[in-house]
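> Sequence below, structure please.
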Amino acid sequence: MKIDKTATTPLYAQVEVTLEEKIISGQWDEGYQIPTETELAKSLEVSNITIKRAIMNLVDKGMLIRQRGRGTFVTGQQTEKNIHKSEFIKMDEQVSSAHDLLSSGSHGTYPNVAKRLGKSADAEFVYLERVGYEEGEIVSLEYTYIPQDIWPENEPIINKDVFIYDVLKKTCSVTLKRSKNYFSGAVANEKEVKLLGVRPNTPLFVWERITFSDEGEGVEYSKFVMKQDKEKYYMELELT
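Numbering: from 1, shown residues only. Down below sits the predicted model:
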């Protein structure tokens, strides 16, 4: 292992790439206990702080795991998840997951959301903020906005574990036609650090969804902020 101290690339980034290559190549296999920070610092001729930062970045990527009193180990491969098999997109198929409601409201105005759904700036919405679980672990924060004008009068806001598309179809009596999805990244803010159990500035996967009825009306905007340490998302397309 050799680090170029004359290069413009930060030392921690060079160390991160070096360690990552060992994992990807299989030189450090799943379950392998990597050398201590002091040993790595000595062999690479860099500071312990540089090593620590590189290792924590790999922990955030889900490639390493630190165990108190034992050391740092190589994790298994991230689980791949086809987004077309996810509740986030699929309209006619349910998957195993769970949610808890953090907060909700009705008759609120959200001009930016209204614009994305083709509504007037003063349009009112039902709002839901939830956490999503997989195998008992919180993996996402979910923010959903449903136009107030399609919400049945006197219908209470949901406070149980349900799929949003089921709510739109069964509670709001909407026939769903299509969804438009946007993908981006972000780093964890103070709220996400607390709720998702990640470090500040941990990379997160952001998914925004706009759903339309068969009449072309925007009936839902949702934003999903997801951890990406255990799952790798992909989209498979048939080119025929």
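> List the beta-bridge partners for residue 133.
residue 98, residue 138 (DSSP bridges).
> Neighbours of residue 116, how many?
Here the neighbour count serves as a burial measure; for residue 116 (other C-beta atoms under 10 Å) it reads 16. All C-beta atoms are positioned from the backbone trio N, CA, C, and that covers glycine.
> can you tell me how far the closest residue to residue 191 other than its chain neighbours sits from residue 130?
On the basis of C-beta to C-beta, 6 or more residues apart in numbering, the spatially nearest residue to residue 191 that is not a chain neighbour turns out to be residue 141, at 7.9 Å. As defined by C-beta to C-beta, to the nearest Å, residue 141 lies at a distance of 8 Å from residue 130.
> what mean pLDDT would you report for stretch 171-191?
Average pLDDT, stretch 171-191: 90.
> how about that stretch: buried residues?
The neighbour-count check on stretch 171-191 (16 or more other C-beta atoms under 10 Å) flags 171-172, 174, 176, 179, 188 as buried.
> now stretch 38-46
Residues of stretch 38-46 classed as buried by neighbour count (16+ other C-beta under 10 Å): 40-41, 44, 46.
> now those as a markdown table including secondary structure, distance to residue 108 and pLDDT?
Listed next are those as a markdown table, based on DSSP: H, G, I helix; E, B strand; the rest coil; distance: C-beta to C-beta, whole Å; pLDDT from 0 to 100:
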| residue | secondary structure | distance to residue 108 | pLDDT |
| --- | --- | --- | --- |
| 40 | helix | 51 | 93 |
| 41 | helix | 52 | 93 |
| 44 | helix | 53 | 92 |
| 46 | coil | 51 | 93 |
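> count of residues packed around residue 219?
21.
> Please, where are all the helices along the protein?
11-25, 37-44, 48-60, 111-116, 164-166, 190-196 (DSSP state H).
> Which segments of this protein make up each domain?
What the record gives for the chain is the domain set 11-74, 79-234, from automatic domain parsing.
> Present those domains as CSV; the columns should include distance to residue 4.
Listed next are these as CSV, based on distance: least, C-beta to C-beta, whole Å:
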stretch, distance to residue 4
domain 11-74, 7
domain 79-234, 25
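> Pick out the shakiest of those, pLDDT-wise.
The bottom spot among those, by mean pLDDT, belongs to domain 79-234, with a mean of 85.
> quick one: it to chain centroid distance?
Here domain 79-234 is found 12 Å from its chain centre; the criterion is C-alpha atoms, centre = their mean, to the nearest Å.
> now do stretch 20-29
For stretch 20-29, the distance from its own C-alpha centre to the chain's C-alpha centre is 25 Å (C-alpha atoms, centre = their mean).
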